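Enquirer: What follows is a predicted structure for the sequence shown.
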Amino acid sequence: MEQPLPKSWSIHTRPEIIAKYQILERVGSGAYSDVYKGRRLSDNLIVALKEVHDYQSAFREIEALQILQNSPNIVVLHEYFWREDEDAVLVLEFLRTDLAAVITAAKKDGGIGVGEIKRWMVQILCGVDACHRNMIVHRDLKPDNLLVGDDGVLKLADFGQARILLEHGLVDVNINPPPYEPDAADQEFNAPQVGYGTENAFQGGHGNEEQGGMSKEDYFRESDELEVKQSSDETDKETNIHDENTSCFATCTTSDIEDDPFKGSYSYEAEGGDNRHGALTSWVGTRWFKAPELLYGSSTYGLEIDLWSLGCIFTELLTLQPLFPGISDIDQLSRIINVLGNLTEQVWPGCAELSDYKTISFNKVEKPIGLESCLPNRSADEISLVQKLVCYDPASRATAMEMLHDKYLNEEPLPVPTSELRVPLSKSFHDEHSPGGWYDDMESDSDFDEFGPLNVTKTNNGFSIEFP
Ligand SMILES: Nc1ncnc2c1ncn2[C@@H]1O[C@H](COP(=O)(O)OP(=O)(O)OP(=O)(O)O)[C@@H](O)[C@H]1O
């Protein structure tokens, strides 16, 4: 009988991984992961090895990527390694840079041409459309999570916060067969199998953005039907805040001011397991790209939160500046209100039902500055494109599919071919995309990283680690 592999505490000592991959330098880390460049020993293919230290994040990323594998603008998951009590390691296609680096480089290079902007937008929209057709809400769209290859192809990545709002079969039973057969142990959560998933596992076919058109109404109605209300208002001490930049007074609860940095960016615990029909947490996403319904604590949001983020990303492509660079959740809302005006039932019927609507109130903004002021020197079509996404009422936001048909993207100057996109040679460390700068400063979980690549060899007693 085959002996089970010994459990290891680091990617460098995982026999099943080092048997297939040479682990090269660490190329990035996030709140719950470390990412290494790797080389597949069988054919020298360069890959990214993403070691995910959080169970739920790993679960969600694998599940979403399995469904989206046929989509050209979604990062390829070659295979994954996951055994009980160990971190999951995802083997992803390696993409050298990202849209944040493109924007940073463009600041030095005198901007991005309109044809280039349009090609970036089309690629982002194709990726988001693929997600939304499969009822996957990404929940953390931002330039850093839009990876770019040397050939200019852009791919959505970092699905650690993604949620599937419907069972796959409900979208279209014929075109979206379940990507895997969970074994008995996994059925409770309908989880990706803990074990090894390989490219072969994907051959059964998955949701494809080129198939299975749904009307916008169906697309969103099905999402709406799943929305579940959660009343989790916690009464807290009232405080007045004055935002210097926006001259906007807010009355709110103290819980927001003593902003837990994690609240602004990540939390999975609030949702528990993978209860697709349960309430959703509003503690997702990165603040600058966060839709107002999330900032007001909604637990009943849908795919539209991604559309708001898209509007913020598109504005940044057009102006090379973040649209709403808030320094706390209250500051974030205050900036939005200064631009769009006060949030009322007139502009968004039903907004008073948002869980924090009554606990956060802003003084009346007599003259909102309007999105056009945030897009100086941009055309009316460009402003209108952003306005279709950055609007209060989620139901009014244009879908990714509708945006792909937008006049702006289909008229001269047309999107340039991907091969003509200027791709920066290296990935800059773009602090401006780190709200508060806190997560770039976070220490890595990997104890080896400070020492660079290590020589790890198997001995009779375990492993020998040689520091260079
Ligand atoms: N496929 C890839 N190819 C190259 N680099 C990658 C790849 N995936 C991730 N990275 C790098 O690793 C970093 C962290 O990855 P990712 O954002 O997926 O992890 P995360 O823990 O979910 O991060 P975050 O805290 O930003 O949500 C990325 O910013 C990127 O620099």
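Expert: Good, I have the coordinates.
Enquirer: Any idea how many residues pack against the residue of the chain found nearest the ligand?
Expert: Closest residue of the chain to the ligand, C-beta to the nearest ligand atom: Gly30 (1.8 Å). All C-beta atoms are positioned from the backbone trio N, CA, C, and that covers glycine. Per other C-beta atoms under 10 Å, the neighbour tally for Gly30 reads 23.
Enquirer: do the same with the one 5 residues further on
Expert: By the measure other C-beta under 10 Å, the count of residues near Val35 is 20.
Enquirer: so it touches Val27, yeah?
Expert: Yes - with contact defined as C-beta atoms under 8 Å, Val35 counts as touching Val27 (5.4 Å).
Enquirer: Name the residues contacting each of these two.
Expert: Applying C-beta atoms under 8 Å, 6 or more residues apart in numbering, one finds that Val35 and Val27 are jointly contacted by Ala48.
Enquirer: Can you tell me which residues in the stretch 101-250 of the chain are near the ligand?
Expert: Within the stretch 101-250 of the chain, the positions adjacent to the ligand are 140, 144-145, 147, 157-158, 160 by C-beta under 6 Å from any ligand atom.
Enquirer: out of these, which are inside strands?
Expert: Leu147 (DSSP state E).
Enquirer: mind putting the residues of the stretch 101-250 of the chain next to the ligand in JSON lines, distance to Leu49 included?
Expert: Listed next are these as JSON lines, based on distance: C-beta to C-beta, whole Å:
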{"residue": "Asp140", "distance to Leu49": "21"}
{"residue": "Asp144", "distance to Leu49": "19"}
{"residue": "Asn145", "distance to Leu49": "18"}
{"residue": "Leu147", "distance to Leu49": "15"}
{"residue": "Ala157", "distance to Leu49": "14"}
{"residue": "Asp158", "distance to Leu49": "15"}
{"residue": "Gly160", "distance to Leu49": "15"}
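Enquirer: Put together TSV for the residues of the stretch 101-250 of the chain next to the ligand, with neighbour count on each row.
Expert: Below are these laid out as TSV (neighbours: other C-beta atoms under 10 Å):
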residue	neighbour count
Asp140	25
Asp144	21
Asn145	25
Leu147	23
Ala157	24
Asp158	23
Gly160	27
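Enquirer: Closest to Asp356 out of the residues of the stretch 101-250 of the chain next to the ligand?
Expert: Set against Asp356, the nearest of those by C-beta to C-beta is Asp140 (20.6 Å).
Enquirer: so the closest one makes contact with Gly160?
Expert: Yes - counting by C-beta under 8 Å, Asp140 touches Gly160, with 7.5 Å between them.
Enquirer: Reduced to three states, what does Asp331 come out as?
Expert: helix (DSSP: H, G, I helix; E, B strand; the rest coil).
Enquirer: and if you look at Arg60?
Expert: Going by three-state DSSP: Arg60 is helix.
Enquirer: Can you tell me the closest non-neighbouring residue to it?
Expert: Closest residue in space to Arg60, ignoring its immediate chain neighbours: Ala162 at 5.2 Å, by C-beta to C-beta, 6 or more residues apart in numbering.
Enquirer: In contact with His138, which residues are there?
Expert: Contacts of His138 (C-beta under 8 Å, 6+ apart): 128, 131, 145, 156, 159, 161-162, 306, 309.
Enquirer: can I get the residues you listed in JSON lines with pLDDT and distance to Thr97?
Expert: Listed next are the contacts of His138 as JSON lines, based on pLDDT from 0 to 100; distance: C-beta to C-beta, whole Å:
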{"residue": "Val128", "pLDDT": "98", "distance to Thr97": "20"}
{"residue": "Cys131", "pLDDT": "98", "distance to Thr97": "22"}
{"residue": "Asn145", "pLDDT": "97", "distance to Thr97": "12"}
{"residue": "Leu156", "pLDDT": "98", "distance to Thr97": "15"}
{"residue": "Phe159", "pLDDT": "97", "distance to Thr97": "19"}
{"residue": "Gln161", "pLDDT": "95", "distance to Thr97": "22"}
{"residue": "Ala162", "pLDDT": "97", "distance to Thr97": "22"}
{"residue": "Asp306", "pLDDT": "98", "distance to Thr97": "22"}
{"residue": "Ser309", "pLDDT": "98", "distance to Thr97": "20"}
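Enquirer: Write the PyMOL selection for whichever of the residues you listed are buried.
Expert: Burial among those is assessed by 16 or more other C-beta atoms under 10 Å; the matching PyMOL selection reads:
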select buried, resi 128+131+145+156+159+161+162+306+309
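Enquirer: quick check, nearest of the contacts of His138 to Trp288?
Expert: Relative to Trp288, the closest of the contacts of His138 is Ser309; by C-beta to C-beta it sits at 9.0 Å.
Enquirer: Surely Arg40 touches Val47?
Expert: Yes - the criterion here is C-beta under 8 Å, and Arg40 meets it with Val47 at 5.9 Å.
Enquirer: hey, what's in contact with both of these two?
Expert: Contacts common to Arg40 and Val47, judged by C-beta under 8 Å, 6+ apart, are 21, 91.
Enquirer: For those two, indicate the residue with more neighbours.
Expert: Between Arg40 and Val47, counting by other C-beta under 10 Å, Val47 is the more crowded of the two (21 against 15).
Enquirer: could you pull out the strands for the stretch 1-150 of the chain?
Expert: 21-29, 33-40, 46-52, 77-81, 88-93, 97-98, 136-137, 146-148 (DSSP state E, counting those that start in this stretch).
Enquirer: and the last one, what does it pack onto?
Expert: The criterion is 3 or more C-beta pairs under 8 Å, 6 or more residues apart in numbering; DSSP states H and E, and the helices and strands that strand 146-148 contacts are strand 97-98, helix 99-109, strand 154-156.
Enquirer: Could you please name the strands that strand pairs with and the direction of each pair?
Expert: strand 97-98 (antiparallel), strand 154-156 (antiparallel) (DSSP bridges).
Enquirer: and the first one, anywhere near the ligand?
Expert: Right, strand 97-98. No - for strand 97-98, no contact with the ligand is found by C-beta under 6 Å from any ligand atom; the gap never falls below 6.6 Å.
Enquirer: what's that strand in contact with?
Expert: By C-beta under 8 Å, 6+ apart, strand 97-98 touches 143-148, 423-424, 426-427.
Enquirer: how about a cut-off of 10 Å?
Expert: For strand 97-98, contacts defined as C-beta atoms under 10 Å, 6 or more residues apart in numbering pick out 28, 104-105, 142-150, 154-155, 157-158, 423-428, 430, 433.
Enquirer: The last one now?
Expert: Judged by C-beta under 10 Å, 6+ apart, the contacts made with strand 154-156 from elsewhere in the structure are 64-65, 68, 71-76, 92-93, 95, 98-99, 102, 119-124, 126-128, 130-131, 136, 138, 140-141, 145-149, 162, 306, 418, 421, 423.
Enquirer: Just the buried ones from those?
Expert: When those are checked for burial by 16+ other C-beta under 10 Å, the buried set is 64-65, 68, 71, 73-76, 92-93, 95, 98-99, 102, 119-124, 126-128, 130-131, 136, 138, 140-141, 145-149, 162, 306, 418, 421, 423.
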